[in-house]
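Engineer: Below are the sequence and a predicted model; questions follow.
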Amino acid sequence: MEPLLRATAERAWRYRQTLHDRKVAPTPDAIRRLSRLDQPLPDGPTDDEAVIALLDEVGSPATVASAGGRFFGFVVGSSLPVTVAANWLAGAWNQNAGIVVLSPIAAKLEDVAMRWMLDLLGLPPECGAGFVTCATQANFSGLAAARHALLAGQGWNVETQGLFGAPPIQVVVGDEVHVSVLKALTLLGLGRERVIRVAVDGQGRMRADALPPLDDRTILCLQAGNVNTGAFDPADQIIPRAKAAGAWVHVDGAFGLWAATAPARAHLTRGFSDADSWATDAHKWLNVPYDSGIVLVRQPQHLHAAMAVNAPYLVIGDTREPEHFTPDFSRRARGVEVWAALRSLGRQGLADLVERTCRHASRFAEGLSRAGYDVLNDVVINQALVAFGDAETTRRVIAGIQADGTCWAGGTVWQGHTAMRISVSSWATTEEDVDRSLRAMLRVAGEAREGAVR
Ligand SMILES: Cc1ncc(COP(=O)(O)O)c(C=O)c1O
């Protein structure tokens, strides 16, 4: 195994080294060369090093350089060096993190990482956590706990009885709800169109004065960090009312919850700690390798009731069993990289990462605004939205920026305006990356403007 692993480490190192100089999007040629993979299944074995060589030679150029410092699309983090290394070691361990008897180390690292996260995010220490694939799955899991708790309060056991004939549950979301929450509601049988949508303000924040009546059969979904603007719902105004009515409050904080870790941004997350469940990602702002999401629930017994199953052949101990808190049974040991990131960064390192990326987003917004383009949001964290003129021009500029390859940013429609989203989520982004990307954006936008005049 040794030559194979050493050679692969060398290839991986080279890949990360060259990320800085390559185009962020793969070239059309690199995509075309993927056809080299269209081969019949070999009858016999292939040498392992040849398999990895093919993977590297064909695969690496066809990746999107989102692990580098100039990818600003969606909300996509890179991976901190220590998390890549931890991921390799965990790959060598090949642990099934489902139950303690299969991996005491995976269970321990989840325990420790959970405690550290609760501390960092300012959430109640009594919370339980599930280490899942992504924020969508974390939303699903938190909402499953909510569904359990509210129906149990009505004398209905949804896990054993199902939803047919159950007392109705009302679900309230902001008009800017992320689609992942709607997907989770769909999967849970709560329906994505029977929700009550609450009006939002110009930043996408739920309007506290527009809340419908809430009661103990209501799940209220709040958002910490809008995917377009980065805005936070006013949790401190809304949650006390929801709790007084007996509602369950779930927070989609895929990336925004991490703002709590940076002293200058923490005020944005005020009040969110009074919710009942939270969904977040480690693969966004914490910069751990895909995939890695976390659900946190104040009263872990509700998550446990929604997820836990047992069978005679399983050896269930009397400590926390990871599979009792996630939809998956067998799964990889995601806690390894979360632990490594937190252990390596420490409180201060994480605060720096969050603050630095927020400042980079502001630098983008200032540069674009100075050049005469419309920044459509208040840049409160790491998200900036810019329009380069009308919808057609903005779309053309976005396509031009992506083709230019210096950096990558995607498009959106924000409250009727076509815009480009800039999300700075990578630890690797430097001020120089921002300036280099800004120059490319302004050059492409300038060319589009001249093209329109001509
Ligand atoms: C607010 C919000 N919620 C949920 C998600 C979904 O995250 P994931 O892709 O990890 O499921 C995102 C993704 O950007 C998001 O911004």
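Structural biologist: That came in fine, so what should we check first?
Engineer: For residue 157, give its distance to the ligand.
Structural biologist: 29 Å (CB to the nearest ligand atom, to the nearest Å). Glycine gets a C-beta too; all of them are placed from N, C-alpha and C.
Engineer: before we move on, what about residue 300?
Structural biologist: For residue 300, the distance to the ligand (CB to the nearest ligand atom) stands at 22 Å.
Engineer: The nearest residue to that residue once chain neighbours are set aside: neighbour count?
Structural biologist: Counting by CB to CB, 6 or more residues apart in numbering, residue 300 lies nearest to residue 128, which is 2.5 Å off, once chain neighbours are set aside. The number of residues packed near residue 128 is 21, by other CB atoms under 10 Å.
Engineer: ok now do residue 128, which residues does it touch?
Structural biologist: For residue 128, the contact set (CB atoms under 8 Å, 6 or more residues apart in numbering) comprises 114, 296-297, 299-301, 303-304, 320, 325.
Engineer: So which bits of stretch 314-333 are buried?
Structural biologist: 320-328, 331-333 (16 or more other CB atoms under 10 Å).
Engineer: wait, I meant stretch 240-251
Structural biologist: Within stretch 240-251, the residues that count as buried by 16+ other CB under 10 Å are 242-243, 247-251.
Engineer: Check the separation of the first and last residues in it.
Structural biologist: With CA to CA, to the nearest Å as the measure, stretch 240-251 spans 14 Å from end to end.
Engineer: quick one: that stretch near the ligand?
Structural biologist: No. Using CB under 6 Å from any ligand atom, stretch 240-251 stays clear of the ligand, coming no nearer than 9.9 Å.
Engineer: mean confidence for that stretch?
Structural biologist: Throughout stretch 240-251, pLDDT has a mean value of 98.
Engineer: re earlier: let me know the distance separating the residue nearest to residue 300 from residue 308.
Structural biologist: Distance of residue 128 to residue 308, given as CB to CB, to the nearest Å: 11 Å.
Engineer: which neighbours do these two share?
Structural biologist: Joint contacts of residue 128 and residue 308 (CB under 8 Å, 6+ apart) are residue 325.
Engineer: so what's residue 87 up against?
Structural biologist: With contact set as CB under 8 Å, 6+ apart, residue 87 has these partners: 79, 288-289, 336-337.
Engineer: wait, is it part of a helix?
Structural biologist: Yes. The assignment for residue 87 is a helix, going by DSSP: H, G, I helix; E, B strand; the rest coil.
Engineer: Per-residue pLDDT of it, please?
Structural biologist: pLDDT recorded at residue 87 is 98.
Engineer: from here on, count from 22
Structural biologist: OK, 22 is where the count begins now, so the last one is residue 108.
Engineer: Which residues are in contact with the residue sitting nearest the centre point of the chain?
Structural biologist: Nearest to the mean C-alpha position of the chain, by CA atoms, centre = their mean, lies residue 302 at 4.1 Å. Residue 302 sits next to 155-156, 159, 275-276, 313-315 when contact means CB under 8 Å, 6+ apart.
Engineer: sorry, back to before: most neighbours among the contacts of residue 149, please name it.
Structural biologist: Counting by other CB under 10 Å, top hit in those: residue 317 with 30 neighbours.
Engineer: So what pairs up with that residue in the strands?
Structural biologist: Here residue 317 sits in beta bridges with residue 150, residue 299, as judged by DSSP bridges.
Engineer: Up against the ligand, what does the stretch 272-421 of the chain have?
Structural biologist: Within the stretch 272-421 of the chain, the residues that sit near the ligand (CB under 6 Å from any ligand atom) are 273, 275-276, 302, 314.
Engineer: Buried residues of stretch 207-223, list them for me.
Structural biologist: Applying 16+ other CB under 10 Å to stretch 207-223 flags 208-209, 211, 213, 216, 218-219, 221-222 as buried.
Engineer: same question, stretch 173-185
Structural biologist: For stretch 173-185, by 16+ other CB under 10 Å, it's 177, 179.
Engineer: List of residues touching it?
Structural biologist: With CB under 8 Å, 6+ apart as the test, stretch 173-185 has contacts from 168-169, 172, 187-188, 210, 237-238, 267, 323, 326-327.
Engineer: what about 10 Å?
Structural biologist: For stretch 173-185, contacts defined as CB atoms under 10 Å, 6 or more residues apart in numbering pick out 165, 168-172, 186-190, 209-211, 237-238, 267, 269, 322-323, 326-330.
Engineer: which of these are buried?
Structural biologist: Neighbour-count burial (16+ other CB under 10 Å) is assigned, among the contacts of stretch 173-185, to 165, 168-172, 187, 190, 209, 211, 238, 269, 323, 326-328.
Engineer: Tell me where the stretch 272-421 of the chain has helices.
Structural biologist: In the stretch 272-421 of the chain, the helices defined using DSSP state H, counting those that start in this stretch lie at 321-328, 356-391, 412-425.
Engineer: Now do the second one: which elements does it pack against?
Structural biologist: Other elements packing on helix 356-391 under the criterion 3 or more CB pairs under 10 Å, 6 or more residues apart in numbering; DSSP states H and E are helix 102-114, helix 125-142, strand 149-153, strand 395-396, strand 404-408, strand 438-444, helix 452-474.
Engineer: again, only using 8 Å
Structural biologist: Identification of packing neighbours for helix 356-391 by 3 or more CB pairs under 8 Å, 6 or more residues apart in numbering; DSSP states H and E yields helix 102-114, helix 125-142, strand 395-396, strand 404-408, strand 438-444, helix 452-474.
Engineer: how about those, which one is nearest residue 258?
Structural biologist: helix 125-142 (20.1 Å; CB to CB).
Engineer: Name the residues of the closest one that come out as buried.
Structural biologist: 126-128, 130-132, 134-135, 137-139, 141-142.
Engineer: For the residues you listed, give me CSV that also has distance to residue 93 and pLDDT.
Structural biologist: Formatted as CSV, those follow (distance: CB to CB, whole Å; pLDDT from 0 to 100):
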residue, distance to residue 93, pLDDT
126, 36, 98
127, 33, 98
128, 36, 97
130, 31, 98
131, 31, 98
132, 35, 97
134, 27, 98
135, 30, 98
137, 28, 98
138, 25, 98
139, 30, 98
141, 25, 98
142, 24, 98
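Engineer: Farthest-apart pair in those residues, please.
Structural biologist: Top of the distance list for these (CB to CB): 126 and 142, 23.9 Å.
Engineer: and the two most separated of the contacts of residue 149?
Structural biologist: Checking the contacts of residue 149 with CB to CB, the most distant pair is 135 and 322, at 15.7 Å.
Engineer: Could you count how many residues lie near residue 273?
Structural biologist: Neighbourhood size, residue 273 [other CB under 10 Å]: 32.
Engineer: residues contacting it?
Structural biologist: So residue 273 contacts 156, 160, 198-199, 201-202, 242-245, 300 (CB under 8 Å, 6+ apart).
Engineer: so of the residues you listed, which ones are in helices?
Structural biologist: Mapping the contacts of residue 273 onto helices (DSSP state H) picks out 156, 160, 201-202.
Engineer: Scan the residues you listed and report the most crowded one.
Structural biologist: Top of these by neighbour count (other CB under 10 Å): residue 160, with 33 neighbours.
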